[in-house]
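S.K.: give me a 3D structure for the following:
(chains A, B, C and D, ligands or ions: 2)
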Amino acid sequence: MTGILTKRECNALSAFKYGVSLYSYTEDLGTVMSLEDAFDHVAGTGSTGIEILGETSIPTYPEPTSAWLDNWFALLDRYRLEPTNMAAWVDTRITIGRNMSAQEGTAQIAQDLRLAHRLGFKFLRPKFGVIDGDLTPDPIWEPAVERNLDLAQQLDIVILPEIHSPTPIRHPVTDAYIAFIERTGTKNFGLMIDTGIFQDRPLNKWGGGETDEIRKGALSFLNGIKVPVEHLVDVIKYVPFIQAKFHHIDETLHDHHIPWDRIIPMLKKLGYAGYLSSEYEGARDPWVSIEQVRRQHALIRKLEAEYDAAHGGNLHA
Amino acid sequence: MTGILTKRECNALSAFKYGVSLYSYTEDLGTVMSLEDAFDHVAGTGSTGIEILGETSIPTYPEPTSAWLDNWFALLDRYRLEPTNMAAWVDTRITIGRNMSAQEGTAQIAQDLRLAHRLGFKFLRPKFGVIDGDLTPDPIWEPAVERNLDLAQQLDIVILPEIHSPTPIRHPVTDAYIAFIERTGTKNFGLMIDTGIFQDRPLNKWGGGETDEIRKGALSFLNGIKVPVEHLVDVIKYVPFIQAKFHHIDETLHDHHIPWDRIIPMLKKLGYAGYLSSEYEGARDPWVSIEQVRRQHALIRKLEAEYDAAHGGNLHA
Amino acid sequence: MLERSHIQSTGFHNIGPVGARTGFEVRIRQPNYRSSRLSLIEGVDLVIDGVEYPAEQSRIRVGDREYTHAEMAEETVARLYVGTFFTVIVPKEGGLAPGVHHVASSIRFRHPYFPPQFQPVFVRDARHATIILP
Amino acid sequence: MLERSHIQSTGFHNIGPVGARTGFEVRIRQPNYRSSRLSLIEGVDLVIDGVEYPAEQSRIRVGDREYTHAEMAEETVARLYVGTFFTVIVPKEGGLAPGVHHVASSIRFRHPYFPPQFQPVFVRDARHATIILP
Ligand SMILES: [Mn+2]
Ligand SMILES: [Mn+2]
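M.R.: Ligands and ions are numbered 1, 2, ... in the order given. As a prediction, the model looks like this:
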């Protein structure tokens, strides 16, 4: 390819940033892997970013000890990693008989925003409880987020609800988030895409710790909701961060469920230059996750390099 | 049983002491288990004693850091365990072309005696290199030990070579150790029995990290050398410590290789009142060792209780 | 570090005076991928050698603190952290016999982000474990 | 903590400048039950995708220090501790291609307490491992 590049082509040659969510190492953490080991594995992929689950990674969440904080910053420094997204939860059905009020939800998000900021994160993903089989978030999500927009701006953090299977891109839940962004004009709320929405072949294992009961009830979900990658066009301008969900990549670098060969060219074409943060969610036999994450990085980097080679070379190298 | 007990019967009612060697957790240590975890597992068996391998358990052997020493004593205190035996090695064939001199062997043992003493151990088991297929120890063993007898006495440590399969009790190697004790009159040298010498059924797995080459060459060894438990009578007066080697105990508390139902009554009859320090050496799948050690303690305690019940009750409870 | 199985080998033992045991304890690893407010755990049911010990009759110890089933349900601040265990304390006159037992556990998790029809989720495990001291 | 397999996932990577790689490295867990003077390790042979990389042509890094095969043989003080890894540094022009490789390792241990006819003992492992960056 020669000649002057169009604006879109220039964008297309921006590079992905690579990261890993410690969710990938679920069950390994605490049984065969320490937080420091996890840093080593993330850095060993050539990543620049690390994503944590606040209440999982911080042993005294919501209040880290000063020793933990010292260690956190020492690890970031030693392994040359930057904090990307911190995952958090708003446990709306907080007891069996009572739901959180909007005020409690607001306090939860404010607490997590402050914690994420202390640790150096740029994104906060709150996971709200849902009220129905369509996974409609508890209505407190909107006031709880809105009352925190000023705080998020002060702390320079973007709050990102996750577009996660079985909720697709074109869905009232996603529409409601976009309407909120348009109404408030905020720069501190956006969408996080979880690539599990593109899954197009059935899962026979699931790493989320769920059991037979779930499996039977949610069978169609586990077959993959097969969102067409073209739907990214609708929302990409609201998407500063992507969780690269996957379940199994074999020795030939073939992913059995997620169509990276369509996702990656589309993200490149759309000029996405944010993180792809690995979220392995497959077999939880000890240590399998470490190698699976490495395979995903090899696969995605290869697809990115192929796209770059086919579109005028890697200008950002 | 009623009436006045004979001297032997009184002796027979002395109680075993229970301990665990961290050798049991080989391969788990450093992959799924920390030193502190190991203390927890040992204490969880109801043991009072802990046995370590000096160069395995001390990450900067031969010189522990002061932080490690502080932690060691804190763990002993927290888990109410006493140090029993420290295993050590005299690597006689120290390079491919050169053997240790008697002077070097002496220095090695002195170093380990001092280290064992610092950590509070009462026994030191040096494992010498051998010079032939009969497992005859390198002749430096005798001067290297003899030159350390005064030091051992000062430090109140008993040096214990291990009577380990395929070397039985009635063997020139054992005879030489006993002759040494008789000649020197020392109280700081004795025999450690490894219960692997009583193995009377073949092993199909071996946990020592050895490979096919060894397995083929040492086949008769792996079948068990079947030392009669009655041979303990010959040497028990030189035996202050026993390593309770075993390989597999099933869910019915049946040991597949070691005849505890003969060993335990014999040790009771002989009035043995020292430690039985578990040495699990079986399948090394992660975490299996923890449960195997617990089964051994349940089995041996049951046999001890049965013996006591049949011989006038447990006077030491 | 904890064993991968939910039920831990160490910590399975009788409680109460020797000869007059009042029950037994089992250590369970918090197996979920995130820490959990105690109020999100609706109970831990055990089955030992086929005998059921339902959550409602046991207590749970987290660190140094013990909770009844009703207290757990209202505890919205204290958490079961990932990488830690909790202890199920089960009353049983005489305790369990020394030897190997078959132990099954089922944790009833409420995940607020799961649809209402999937509440609670039962997270199960089973294994052999050994009581050493009578 | 290290992976149970001798060959570690992390640490398997090319070395030298991008575009002009000079070789690759593999991390190996010290798999013996006791720490080992370097002089007791007579070498670490690798086979990657069927291609042999004999110990004599590699170097070993322990902590910050690198050893040639000959230097290892004479190093009687420094040890490979249990719970730690060492790195095998293999010269190979261009390095290894990104992707999944089959990696086999064989450590030649000399155990002085084994009879002379069993020296050295070859302690082997094998697995798939991934090179990420070209
Ligand atoms: Mn996700
Ligand atoms: Mn032994």
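S.K.: CA atoms for contacts and neighbours, from now on please.
M.R.: Will do.
S.K.: who are the packing partners of the lowest-mean-pLDDT helix or strand in chain C?
M.R.: Least confident helix or strand of chain C, by mean pLDDT, DSSP states H and E, is strand C:36-37 with a mean of 94. Judged by 3 or more Cα pairs under 8 Å, 6 or more residues apart in numbering or on different chains; DSSP states H and E, the packing partners of strand C:36-37 are strand C:79-80.
S.K.: can you identify the element that follows the strand it packs on toward the C-terminus?
M.R.: Downstream of strand C:79-80, the first helix or strand assigned by DSSP states H and E is strand C:85-91.
S.K.: what sits up against that next one?
M.R.: Contact with strand C:85-91 is made by C:2, C:22-30, C:44, C:53, C:57-63, C:80, as judged by Cα atoms under 8 Å, 6 or more residues apart in numbering or on different chains.
S.K.: show me what counts as buried in the helix or strand that contains residue C:52.
M.R.: Using DSSP H and E, the element containing residue C:52 is strand C:51-53. Residues of strand C:51-53 classed as buried: residue C:53 (neighbour count, 16 or more other Cα atoms under 10 Å in any protein chain shown).
S.K.: same question for stretch A:129-139.
M.R.: A:129, A:130, A:131, A:135, A:136, A:137, A:138.
S.K.: go through these and name the one nearest chain C.
M.R.: residue A:129 (3.9 Å; Cα to the nearest Cα).
S.K.: might one say that the closest one is in contact with residue A:94?
M.R.: No - here residue A:129 does not reach residue A:94: they are 9.3 Å apart, not a contact under Cα atoms under 8 Å.
S.K.: what sits in contact with each of those two?
M.R.: Joint contacts of residue A:129 and residue A:94 (Cα under 8 Å, 6+ apart) are residue C:112.
S.K.: quick one: the longest helix anywhere in chain A near chain B?
M.R.: Within chain A, and with DSSP state H defining each element, the longest helix by residue count is helix A:288-310. No - Helix A:288-310 stays clear of chain B (Cα under 8 Å from any Cα of the partner chain), getting no nearer than 14.0 Å.
S.K.: pLDDT averaged over that helix - what is it?
M.R.: Averaging pLDDT along helix A:288-310 yields 97.
S.K.: got the residues of the stretch 151-300 of chain A near chain D?
M.R.: Counting by Cα under 8 Å from any Cα, the stretch 151-300 of chain A sits next to chain D at A:251, A:252, A:253, A:287, A:290, A:291, A:294, A:295, A:297, A:298, A:299.
S.K.: and which of those residues is nearest chain D?
M.R.: Among these, and counting by Cα to the nearest Cα, the member closest to chain D is residue A:298, at 4.5 Å.
S.K.: so which residue of chain C comes closest to chain B?
M.R.: residue C:132 (4.5 Å).
S.K.: now that residue: how far from residue B:292?
M.R.: 12 Å (Cα to Cα, to the nearest Å).
S.K.: and for residue A:276?
M.R.: 44 Å.
S.K.: pick out the residue in chain C sitting closest to chain D.
M.R.: residue C:1 (9.5 Å).
S.K.: ok, back up a step: who touches the next helix or strand after the strand holding residue C:52?
M.R.: Using DSSP H and E, the helix or strand that follows strand C:51-53 in sequence is strand C:59-62. With Cα under 8 Å, 6+ apart as the test, strand C:59-62 has contacts from C:66, C:67, C:68, C:69, C:80, C:85, C:86, C:87, C:88, C:89, C:90.
S.K.: my read: the third one touches residue C:43, true?
M.R.: No - judged on Cα under 8 Å, residue C:68 makes no contact with residue C:43 at a distance of 9.9 Å.
S.K.: tell me which of those two has more neighbours.
M.R.: Using other Cα atoms under 10 Å in any protein chain shown as the criterion, residue C:68 and residue C:43 rank with residue C:43 on top: 28 against 16.
S.K.: next up, the contacts around that one.
M.R.: Counting by Cα under 8 Å, 6+ apart, residue C:43 has contacts C:55, C:56, C:69, C:107, C:108, C:109.
S.K.: so what's the residue count around the residue of chain C closest to chain B?
M.R.: With other Cα under 10 Å as criterion, residue C:132 counts 25.
S.K.: for residue 100, grab the count of nearby residues.
M.R.: As the question left the chain open, I've gone with chain A. Neighbours around residue A:100, by other Cα under 10 Å: 18.
S.K.: meant chain C, my bad for not saying
M.R.: Considering only other Cα under 10 Å, residue C:100 is surrounded by 22 other residues.
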